[in-house]
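Participant: This is the structure alone, sequence omitted:
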Ligand code: NCD
């Protein structure tokens, strides 16, 4: 098993084989997580620090659980409550933490590129848990694992990614991952919520949900990222739901066995109908959460194996 990366900052630098390596190991961890004894020593002796400068439920909880199940010492810092915001202060924080010898640093930050910057200042492995509208690699990986397990493959599928694409790091990382694995990607949403230069992405684009969902194997819904909007991107939530909200009627245009995904947090009645989200014959939203823990275990395990090589010989000073 080879994964020659020091950090996990995005999907962009990963090869097809890197992606498969993470997913194969995550599959094993998914089985492990369903067993009674959910504890390994893969990260024993390692220190994991979680720094979330933005709100998070799923991502932070699953990174924390992932580290604990692998035997790491895990510390989650309450960054949102602190006055630290950006620039030099972020670098100072990174240097301070670095002096405490962490092995894994999990970082979420509202500014695109902030996690990359931080990774250049520390000696440990850095995992990007979402930076602005840039990347959210573990989300795309857990989505990929969920798709692979539901569909039996991760190539030649038609995937419709719907809603607020412009502000979504989840969409960006997914477009890259699904593109690398040779899938057909359709972006569906109002033109105001499409990223600039979308035509360069090698994807199909439409503002018609029925057209976008036609024959799709996977329907991925996204939340309206209001916290990243600085003006009127949609007329009203009611109007948005009417045109872009996923209902059973719109879903009927996708393949009969199409799966419904959402990274959470979900706004029922805005981008998705509650009954569609809860329909366990179509919705894999809870599986996504389950795979999130497994994928984060796999990613931290692989990065820590690379750390091993660098720190071997320096260890055992006190024994
Ligand atoms: C996403 C995020 O934070 O980018 N949530 C998540 O990590 N599961 C999507 C969102 O906030 O809408």
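Facilitator: Structure received. Note that this is a predicted model, so its numbers are computed, not measured.
Participant: Only C-alpha atoms from now on, for both contacts and neighbour counts.
Facilitator: Fine.
Participant: Tell me which stretches of the stretch 151-300 of the chain form strands.
Facilitator: Assigned by DSSP state E, counting those that start in this stretch, the strands in the stretch 151-300 of the chain fall at 158-162, 184-188, 204-206, 218-221, 259-261.
Participant: The stretch 1-150 of the chain now?
Facilitator: All strands of the stretch 1-150 of the chain, identified by DSSP E, counting those that start in this stretch, fall at 47-52, 73-77, 104-109, 125-131.
Participant: how about those in JSON lines, adding mean pLDDT, distance to residue 205 and mean neighbour count?
Facilitator: Output for those, formatted as JSON lines (pLDDT from 0 to 100; distance: least, Cα to Cα, whole Å; neighbours: other Cα atoms under 10 Å):
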{"stretch": "strand 47-52", "mean pLDDT": "95", "distance to residue 205": "33", "mean neighbour count": "22"}
{"stretch": "strand 73-77", "mean pLDDT": "94", "distance to residue 205": "39", "mean neighbour count": "16"}
{"stretch": "strand 104-109", "mean pLDDT": "96", "distance to residue 205": "29", "mean neighbour count": "25"}
{"stretch": "strand 125-131", "mean pLDDT": "98", "distance to residue 205": "24", "mean neighbour count": "26"}
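Participant: Distance to the ligand for those strands - can I get that in JSON lines?
Facilitator: Below are these laid out as JSON lines (distance: least, Cα to the nearest ligand atom, whole Å):
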{"stretch": "strand 47-52", "distance to the ligand": "11"}
{"stretch": "strand 73-77", "distance to the ligand": "16"}
{"stretch": "strand 104-109", "distance to the ligand": "9"}
{"stretch": "strand 125-131", "distance to the ligand": "6"}
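Participant: for those, which one sits closest to residue 196?
Facilitator: Nearest of the strands of the stretch 1-150 of the chain to residue 196, taken as Cα to Cα: strand 125-131 at 18.3 Å.
Participant: I'd like the distance between residue 38 and residue 283.
Facilitator: Residue 38 sits 26 Å away from residue 283, taking Cα to Cα, to the nearest Å as the criterion.
Participant: before we move on, the earlier item: can you add distance to residue 246 and give the strands of the stretch 1-150 of the chain back as CSV?
Facilitator: Formatted as CSV, the strands of the stretch 1-150 of the chain follow (distance: least, Cα to Cα, whole Å):
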stretch, distance to residue 246
strand 47-52, 30
strand 73-77, 35
strand 104-109, 29
strand 125-131, 25
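Participant: Pull up the residues of the stretch 151-300 of the chain that are close to the ligand.
Facilitator: Counting by Cα under 6 Å from any ligand atom, the positions of the stretch 151-300 of the chain adjacent to the ligand are 169-170, 223, 263-265.
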